[in-house]
Each structure stands twice: as structure tokens, then as C-alpha cells.
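1. Fold the following, please.
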Amino acid sequence: MWNAQYSENPKNFLISAVETELCRRFEANQSNTFCSYVLGCIWKRKDDKRASSAFLASISQFPYFWSCWRALSDVVVTSADFNALSDSIDSRFILKYFFLLLTTNRLTQVLASLPLHA
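-> Sure, this is the predicted structure:
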């Protein structure tokens, strides 16, 4: 599996291999909470919009996975993202409200720190 083409940056090869396997499991609905979270983290680093679906899958299996809630909040960059995600999270999860608060606070701080030019 290892050859000269990966000698420059073996980390990229390993991450790609992990992503391929996790994606296969995710698409076959055979991914557990942690695997969905790791896949979401990989996709988040690549700015892939599928990250939110992986994080949501992880949270639906284990709603108390706070790191996953934080990662999900980090992928929200617009109010449209916020509305779409907040509607897709099951309301029975009390942590949904912490997610909404965390994300709202983060987005408000980002908007408040932007310089206003006349």
C-alpha cells in the first residue's frame, strides 16, 4: 500500500484512506457515532458541506457528544445554514438548545467584530 508517490506527504494518503473507508461505512449506514464524527471532521477541514450530515448522524446516535455539537456549530457560517440545521435537529434533544445558543453567540460575536465602513 505504501509506495514512492506518497513519500512526500504520507499524512495525506492516510487521511484519504481513512476518509474512503469511513465514507463507505457512512453511505452504507454502518457508521458508529465516533466514525461519523471523524468523517465530519475530515470533511470540515476540506470545507465539504457534507460535514454537517456526518455530525448530525453522530449526534442522532449519541446526543451527549458535546465535541460533535461544537464541531457542528463551527460549520454554520450563514443564517441559512443555521436555519437549515436547527430545523433538522430533533427537538427532543435538549442539547439542541445549547447548540442554538452556542451558534447564535458565535455568529453574533463574528458579526460584531466586523468593522463597519461608511
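2. any weak-confidence spans in this protein?
-> Residue ranges of the chain with pLDDT under 70: 1-10, 91, 93-94, 110-118.
3. now do 50
-> Along the chain, segments meeting pLDDT under 50 span 1-7, 118.
4. now the helices for it?
-> 10-27, 33-45, 51-61, 66-74, 79-88, 95-113 (DSSP state H).
5. Tell me what angle the first one forms with helix 33-45.
-> If you take axes from the mean of the first three to the mean of the last three CA atoms, to 10 degrees, helix 10-27 sits at 120 degrees to helix 33-45.
6. for the fifth one, same thing?
-> Following the same axes, to 10 degrees, one obtains 170 degrees for the angle between helix 79-88 and helix 33-45.
7. With the fourth one instead?
-> For helix 66-74 against helix 33-45, the angle by the same axes, to 10 degrees is 30 degrees.
8. on contacts alone, who are the packing partners of helix 66-74?
-> Applying 3 or more CB pairs under 8 Å, 6 or more residues apart in numbering; DSSP states H and E, one finds that helix 66-74 makes contact with helix 33-45, helix 51-61, helix 95-113. C-beta: built from backbone N, CA, C; applies to glycine.
9. deepest of those, which one?
-> Compared across those, helix 51-61 shows the largest average neighbour count, a mean of 21 (mean count of other CB atoms under 10 Å).
10. What lies in contact with that one?
-> 26, 31-34, 36-37, 39-41, 43-44, 65, 68-69, 71-72, 75-76, 81, 85, 88-90, 93, 95 (CB atoms under 8 Å, 6 or more residues apart in numbering).
11. again, only this time at 6 Å
-> Counting by CB atoms under 6 Å, 6 or more residues apart in numbering, the neighbours of helix 51-61 from elsewhere in the structure are Thr33, Ser36, Tyr37, Leu39, Gly40, Trp43, Lys44, Phe65, Cys68, Ala71, Leu72, Val75.
12. so the fourth one makes contact with Arg24?
-> No. Counting by CB atoms under 6 Å, Arg24 is not a contact partner of Leu39; they are 10.1 Å apart.
13. contacting residues around Trp43?
-> Trp43 makes contact with Arg50, Ala51, according to CB under 6 Å, 6+ apart.
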